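**Student:** prediction below, plus the sequence it came from.
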Amino acid sequence: MGKGIVFALIIFGLIVTIHEFGHFICAKLSGISVLEFSVGMGPKLLQKRFGETAYSLRLLPLGGYCAMEGEDSSEDNPRSFRNAKLWKRMLVLVAGACMNFLLGFVMCTIMVSMFEVIPTTKISGFSGKLEDDGTKTYYAHSCQTGGLCHGDKIVKIDGTSIYSYLDIDYMFATFESETHDVVVKRDGKRVKLENVTFHDDASGEMMDFGLVTDDKGVLSVMRCSGETALSMGHIVVLSIKQMITGKLSKDQISGPVGVVTSINETTQEAESTEDLVFMLVYMTALITINVGIFNLLPVPGLDGGRLLFCFIELIRRKPVKPEHEGYVHLAGIVLLFGLMIFATFNDVMRIINK
C-alpha cells in the first residue's frame, strides 16, 4: 500500500500544481496581483518571496492554491482581481482547467507513444470465422449479420458519439440491452444500422470485431492522443450525467480514498515497469481531465461557479456584490465538502467489505 500512496501523492500533487499554475501564470500575464502561490496545504514548510508574491511549500501534498488580491472582497488596489477587466478574470478562471486538459493531452501522448500500432475506430474484419460446411460459410460473430462491414468507421453507438477506441471499450462495458443502433461512416456517407447485436459465439466475448490500426508516426500519434484525451473527457461527462439523472448508483460514487486504492491496485497488478508506467500515465490523464471538467461545472465554490457570476455580470452590466457572491460560494463549498465526506465513506466501506 505504501508504494501506491506515494504514487497517488505524486499524481495528486502534479495535477493540483498544474491547475493552480494555470491560474497563477494567467493572473501574472493579466497584471493581477498574486499574493501567494502554494504547493500543498496545511502548515508551511518553506516560503520564499519574490516581489509581491510569496511562493510556499506546505505539508499536505493534496492541494494548493493561487491567492490573488481581492478575490472575495472589494479592494482599492487597481491590480486586484475584482478590479481587473471582466475578460481577464474569465481567462484566469478557465486557465486552471485548461492546464489540466493540456496535462491530460501530454499524458495521452506518452501513453499512445508506448503503443506498437495506433488504433482507430474503423472495423477490421470479424472474429470467429468457422469452417465452411460445403454450402455456406458460418461466422461465430453477430454484428456482421446486422449490417456492419469491414472498413466501416464507427460514429455512434446507441446515440453516443464515438471519438476513439476508448469510447468503444466504454460502450461495450456499459451495455444494458442486447440490440443496438449503430451509425457508421461508409464510403464517405453516414449509414444507420438498427438492432445490431454483438457476440462472438466462439469465444463468448461481446466484442466480435477487430479495429484497423495505423503505423506509428508523429501525425498518427498526435491524432490518436487528441482523440484519446477527447474520449476521456467524454466518458467523464457521461458519468456526470449518469450521476445527475440517478443512473449512477450512490454506492458507486468515489472520492480521494477510492482513487488512492485504485492507484495502489494498479501498482500491484503491473507485471513490468513498462506496464506500471503505462497504467500510471493513463490514470494521471483520466484524473486530470476529470478535475478540469469538474472545476468548470457551474457549482458555487468551483471555478465554474465563479465563471457563472462573471456571465451574470456580463448580462447585468454590473457585478454582484462581493459579500453576496461570497455567501453563495461558501454554501457551495459546504455542499462539496459534504459530498466528499459521503464519497470517502463509500470508499472506506468498500475497503471494509473487501
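**Tutor:** On my side now, so go ahead. Computed from a predicted model, the values in this text were never measured in an experiment.

**Student:** check which helix or strand F294 maps to.
**Tutor:** helix 273-295 (DSSP states H and E).

**Student:** and that helix, what's buried?
**Tutor:** By 16 or more other C-beta atoms under 10 Å, the buried positions in helix 273-295 come out as 276, 278-295. Quick note: C-beta positions are derived from backbone N, CA and C, even for glycine.

**Student:** what of stretch 50-66?
**Tutor:** Neighbour-count burial for stretch 50-66 [16+ other C-beta under 10 Å]: T53, A54, S56, R58, P61, G63, G64, Y65, C66.

**Student:** show me the contacts for the third one.
**Tutor:** Residues counted as contacts of S56 (C-beta atoms under 8 Å, 6 or more residues apart in numbering) are E36, F37, S38, V39, G40, K44, L45, L46, Q47.

**Student:** tell me how this protein divides into domains.
**Tutor:** Taking automatic domain parsing as the criterion, the chain consists of the domains 2-114+258-353, 118-214.

**Student:** run the chain-centre distance for stretch 156-164.
**Tutor:** Offset of stretch 156-164 from its chain centre (C-alpha atoms, centre = their mean, to the nearest Å): 17 Å.

**Student:** list the buried residues of it.
**Tutor:** Quick answer for stretch 156-164 (16+ other C-beta under 10 Å): K156, I157, I162, Y163, S164.

**Student:** check contacts around the last one.
**Tutor:** Read that as S164. Counting by C-beta under 8 Å, 6+ apart, S164 has contacts P119, T121, C224, E227, T228, L230, S231.

**Student:** one more time with 7 Å, if that's ok
**Tutor:** T121, C224, E227, T228, L230, S231 (C-beta atoms under 7 Å, 6 or more residues apart in numbering).

**Student:** distance-wise, check it relative to K192.
**Tutor:** Between S164 and K192 the computed distance is 21 Å (C-beta to C-beta, to the nearest Å).

**Student:** and what of the fourth one?
**Tutor:** Here the distance between Y163 and K192 works out to 18 Å (C-beta to C-beta).

**Student:** next one: I168
**Tutor:** Relative to K192, and taking C-beta to C-beta, I168 is found at 17 Å.

**Student:** in CSV, list the C-alpha atoms belonging to stretch 274-293.
**Tutor:** Output of stretch 274-293 as CSV, limited to C-alpha atoms (Å, rounded to 0.1, in the frame of the first residue of the first chain):
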residue,chain,number,x,y,z
GLU,A,274,6.6,-0.6,-18.6
ASP,A,275,3.1,-1.8,-17.5
LEU,A,276,3.4,0.3,-14.3
VAL,A,277,4.4,3.4,-16.2
PHE,A,278,1.6,2.9,-18.8
MET,A,279,-1.1,2.5,-16.2
LEU,A,280,0.1,5.4,-14.0
VAL,A,281,0.2,7.7,-17.1
TYR,A,282,-3.3,6.5,-18.1
MET,A,283,-4.7,7.2,-14.6
THR,A,284,-3.0,10.6,-14.4
ALA,A,285,-4.5,11.6,-17.8
LEU,A,286,-8.0,10.4,-16.7
ILE,A,287,-7.9,12.1,-13.3
THR,A,288,-6.5,15.5,-14.6
ILE,A,289,-9.2,15.6,-17.3
ASN,A,290,-11.8,14.7,-14.7
VAL,A,291,-10.5,17.6,-12.4
GLY,A,292,-10.6,20.0,-15.3
ILE,A,293,-14.1,19.2,-16.3
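
**Student:** name the residues that touch that stretch?
**Tutor:** 7, 11, 15, 19, 97, 100-101, 103-104, 107-108, 110-111, 114, 229, 232-233, 236-237, 259, 263, 266-267, 270.
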